[in-house]
Structures are given as structure tokens and as C-alpha cells.
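>>> dropping a prediction and its sequence here:
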Amino acid sequence: MKRKLDPRIIRTKSLIMKSFTKLSGEKRFNAITVKDITEEATVDRATFYYHFRDKYDLMEQILLEDLKVYVINPCLEYEHIDEITLKEVFLSLVNFHGLVFSHCSKSYQTFRFSIEKMVKNKMAEQFHRLLCKQNQLNDTELPQFPAIILSWGIYGLLNEWENNQSLDPEQLIIDAIPNLLAGISPAIH
């Protein structure tokens, strides 16, 4: 049986996360202290440390929560990997990055590599799940590498778009889909 969390705990954690996000828009990550976060959230240090190991853990949890909401959870609705799935995943990833940048513009560069690692790993997990489902295999019967190839390819497109925002993200993914699917074609049946 799953225990229900106390609403006060959920509220307090959310308050700390929102305070950090607000501060990230005002200051660089390295300039933000736990004291800044606790003062903004109007909680004490012990409360902060009850929920998070440090500000790096806090940052990771915020990124993971946003990634789940904007990219991973929508993936759970897909039945297989095709043109529509890849297009929607890519566009949700573009939106996720825009959200992160808008909330943490002063600290975005600090988070960039953490974001990339987290996104690639979580997308690879979801693509592997979809490939297994599509091929009616359990997760040990299908190698991870097609999902990793797909995850890294989509993230590479995101980097291309970030470096040249005159490109239309929808057209960029549409143009890339044949190459992405060809790269994993042995894994698609």
C-alpha cells in the first residue's frame, strides 16, 4: 500500500522549489546560497535539508520534475515510435528547454550539462520502453543502443536548433525524421 504524503510536506517542498526557481532568474547559480533559498521560502535550514541534500540536489529535482511533466509523461501515451511520436517528443523538448531557460536564464549555462545528461537518459528509457512495446519484447530482450541512438540524435537536433534559432523546430524535426528512423530501423518491426 502506498502511503499518502502529508500535504504540508508537499507544499513546503514546492515552496522551496519555487523559491529556488525565482532566485535562479535573478542570480547566477553559484551566487545562490541555501540561506537565500530558505529566506525566500520562509523556512529554516533544517526544513530545507529534510527535503534536499544541497542546492545541486534541489536543482536536479526541479529539472527532473519539469522534464517529467513536459516530456516524459506525454511519452507514456505513445504506443510506438513513428514520425508523429518523434515530432511531438522533439517539440515538447523544445518547449521544456524554453521553460527552463526562461525560469533560470542567469544560471542556464550552469545547468546545461546536467539537463543534457538527464534528458538523454530519461528519453532513452522511454524510447526503449516504446521499442519493447512496439516489438512485443520484454526490456531484457531488446538492446538499449537503438534507444540511446534515438535519444542522442534528438538531443543533437535540439542543440542545432539552440545554436540557430532561425530554424523552424517543426521543420527541423520533420527533415530529420527519416534519418532518425533509419538509424534505428533494425529495432523497429
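Okay, I see it.

>>> any idea which helix or strand carries Pro178?
Using DSSP states H and E, Pro178 falls within helix 169-183.

>>> list the buried residues for that helix?
By 16 or more other Cβ atoms under 10 Å, the buried positions in helix 169-183 come out as 169, 172-173, 176-177, 180-181. Every residue, glycine included, has its C-beta placed from N, CA and C.

>>> next: stretch 38-45.
So for stretch 38-45, counting by 16+ other Cβ under 10 Å, buried means 38, 40-41, 43.

>>> measure the residue nearest to the spatial centre of the chain to Asn164 for me?
In the chain, the centroid-proximal residue (Cα atoms, centre = their mean) is Leu67; its distance is 3.0 Å. Distance from Leu67 to Asn164, counting by Cβ to Cβ, to the nearest Å: 24 Å.

>>> cool, Leu64 as well?
Between Leu64 and Asn164 the distance is 28 Å, computed by Cβ to Cβ.

>>> helices or strands next to the longest helix anywhere in the chain in the packing?
The longest helix of the chain (DSSP state H) is helix 108-134. Applying 3 or more Cβ pairs under 8 Å, 6 or more residues apart in numbering; DSSP states H and E, one finds that helix 108-134 contacts helix 55-67, helix 73-75, helix 83-103, helix 145-163.

>>> what's the mean pLDDT across the helix holding Pro178?
The pLDDT scores in helix 169-183 average 93.

>>> which residues touch it?
For helix 169-183, contacts defined as Cβ atoms under 8 Å, 6 or more residues apart in numbering pick out 81-83, 86-87, 90-91, 94, 146, 149-150, 153-154, 157, 160-161, 188.

>>> what does stretch 28-41 give?
By Cβ under 8 Å, 6+ apart, the residues outside stretch 28-41 that reach it are 12, 15-16, 18-20, 22-24, 27, 44-45, 47-48, 54-55, 58-59, 104, 106-107, 110-111.

>>> could I get the buried residue list for stretch 66-78?
Quick answer for stretch 66-78 (16+ other Cβ under 10 Å): 66-67, 70-72, 74-75, 78.

>>> how much space between Asp54 and Arg112?
Taking Cβ to Cβ, one finds Asp54 at 19 Å from Arg112.

>>> any idea how far Phe127 lies from His103?
26 Å.

>>> ok, which of the helices and strands packed on helix 108-134 comes nearest Leu137?
helix 145-163 (11.7 Å; Cβ to Cβ).
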